[in-house]
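1. Coordinates for the following, if possible.
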Amino acid sequence: MPILNRAAELHDEITAWRRELHSKPELLFAVEQTAEFVRAKLEAFGCGEIVTGLGQTGVVGIIRGKRGDGPCIGLRADMDALPLEEETNKPYRSTVPGMMHACGHDGHTAMLLGAARYLAETRNFAGTVALIFQPAEEGGGGGREMVKDGLMERFDITSVFGMHNMPGVPVGHFALRPGPIMAATAEFTITVRGKGGHAAMPHTTVDPVVTAAKLIDSLQSIAARSADPVKSVVVSVTKIQGGDSHNIIPDKVTLLGTVRTLETEMNALAEERMRAICRGVGEAHGATIDLIYQSNYPVTYNHAEETAFAADVARQVADPANVAADVAPVMGGEDFSYMLEARPGAFIFLGNGDSANLHNPAYDFNDEIIPHGVSYWVRLTETALAPQ
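-> Residues are numbered from 1 along each chain as shown. Coordinates of the predicted model:
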């Protein structure tokens, strides 16, 4: 079944919303303008109840069907941007220095608003839909905070669904899988302390730069030699800081990075091996190495029944051949994981076409995919809450 005619009719209007949001990015929980934009639209659509301030700045709109005796399902979009300087030069580019929508949350918000408008107009379902607009997906754990604020209990949500655009997947295609679809995340800070001195007399120093270089190399053995080859673990050092001059060996070097895994036991293994490697390399070089290891988002785990249902819904919107129901997991993190820990549900990818990758200064959400996303949300609601 093709995209909805009404979604196609609303395409230009929803695109305008998306581009307005794109031009005014906000970070983490400080999404007050975006949240007000969402609230005003939901009010204009005639949502029966609008709740603000969940998870600090989250917004939930409630739409009840023509028959209100069914369950309540949750549909989630994220609202926050990233601390990047945009490089697209589009007419609607970010007007805020150092901030941009480099992950498509502007598009996610606009598509869910489009679905909200359609569902409020038609109400062709039995039960209730909770439209969840979440702050602080990009590292702040806004999904966790909304759950802690009683999101699921307050609206008696029985199942919850999320969607994310995916560069490299063709427009009109969907992809998902049961089980782990996105990784658990952890962040680490390693401080290597030595003894600084003149670079021409390295024998009088304990060089933290050489020690850090050996440490970075050794950390790669976790994936290569400590982990089961069929289980996924990624250890990436992403920042190195130390030294001020060509001819001075510093006292200290700091390393920052991330760990990604698809199983809790692999996260524990990574931390254990990192601590052992830090001890060993430090002793070998006469340096002191301190590790701060912080586990963050859990694995985004799709529940089997809800994933099969979501795949069937996607086949109503797209050619069934364009729905990949067992896609490989992605090692990026996603805090929709907290909602999937609280209720059964599924997270699906929607193709963004041949665009720059996520978290890239040249990225832009592809407005061509808006009718596909809106149609998916509507079909999912009307199918899950079909009158009996």
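2. CA only for contacts and neighbour counts going forward, please
-> Fine.
3. For Pro2, which non-adjacent residue is closest in space?
-> Nearest non-adjacent residue to Pro2, counting by CA to CA, 6 or more residues apart in numbering: Val317, 5.1 Å away.
4. Could you give the number of residues near the one you found?
-> 27 (other CA atoms under 10 Å).
5. I'd assumed Asn5 was in contact with it.
-> No - using CA atoms under 8 Å, Val317 makes no contact with Asn5, being 11.5 Å away.
6. Buried residues, stretch 376-388. List them.
-> 376-385, 387 (16 or more other CA atoms under 10 Å).
7. got a list of contacts for that stretch?
-> Outside stretch 376-388, the residues that touch it by CA atoms under 8 Å, 6 or more residues apart in numbering are 67, 70-71, 73, 75, 112, 115, 118-119, 124-129, 310, 313-314, 316-317.
8. Ok, stretch 133-144 next?
-> Residues contacting stretch 133-144 (CA under 8 Å, 6+ apart): 27-31, 35, 38, 55, 57-60, 76-82, 109, 146, 297, 334-339.
9. that older thread, filter the contacts of stretch 376-388 down to the buried ones, ChimeraX style.
-> Buried residues within these, by 16+ other CA under 10 Å, are selected in ChimeraX with:
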select :70,71,73,75,112,115,118,119,124,125,126,127,128,129,310,313,314,316,317
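10. re the thing from before, so can I have CSV of the buried residues of stretch 376-388 showing pLDDT?
-> Below are the buried residues of stretch 376-388 laid out as CSV (pLDDT from 0 to 100):
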residue, pLDDT
Tyr376, 98
Trp377, 98
Val378, 98
Arg379, 98
Leu380, 98
Thr381, 98
Glu382, 97
Thr383, 97
Ala384, 97
Leu385, 97
Pro387, 87
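11. Next, format the residues you listed as TSV and append secondary structure and distance to His285.
-> Converted to TSV, the buried residues of stretch 376-388 look like this (DSSP: H, G, I helix; E, B strand; the rest coil; distance: CA to CA, whole Å):
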residue	secondary structure	distance to His285
Tyr376	helix	57
Trp377	helix	57
Val378	helix	61
Arg379	helix	61
Leu380	helix	59
Thr381	helix	60
Glu382	helix	64
Thr383	helix	63
Ala384	helix	61
Leu385	coil	64
Pro387	coil	70
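12. Output the residues you listed in JSON lines, with distance to Val209 appended to each entry.
-> Output for the buried residues of stretch 376-388, formatted as JSON lines (distance: CA to CA, whole Å):
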{"residue": "Tyr376", "distance to Val209": "52"}
{"residue": "Trp377", "distance to Val209": "52"}
{"residue": "Val378", "distance to Val209": "56"}
{"residue": "Arg379", "distance to Val209": "57"}
{"residue": "Leu380", "distance to Val209": "54"}
{"residue": "Thr381", "distance to Val209": "56"}
{"residue": "Glu382", "distance to Val209": "60"}
{"residue": "Thr383", "distance to Val209": "59"}
{"residue": "Ala384", "distance to Val209": "58"}
{"residue": "Leu385", "distance to Val209": "60"}
{"residue": "Pro387", "distance to Val209": "66"}
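13. Tell me which two in those are the farthest apart.
-> Tyr376 and Pro387 (18.6 Å; CA to CA).
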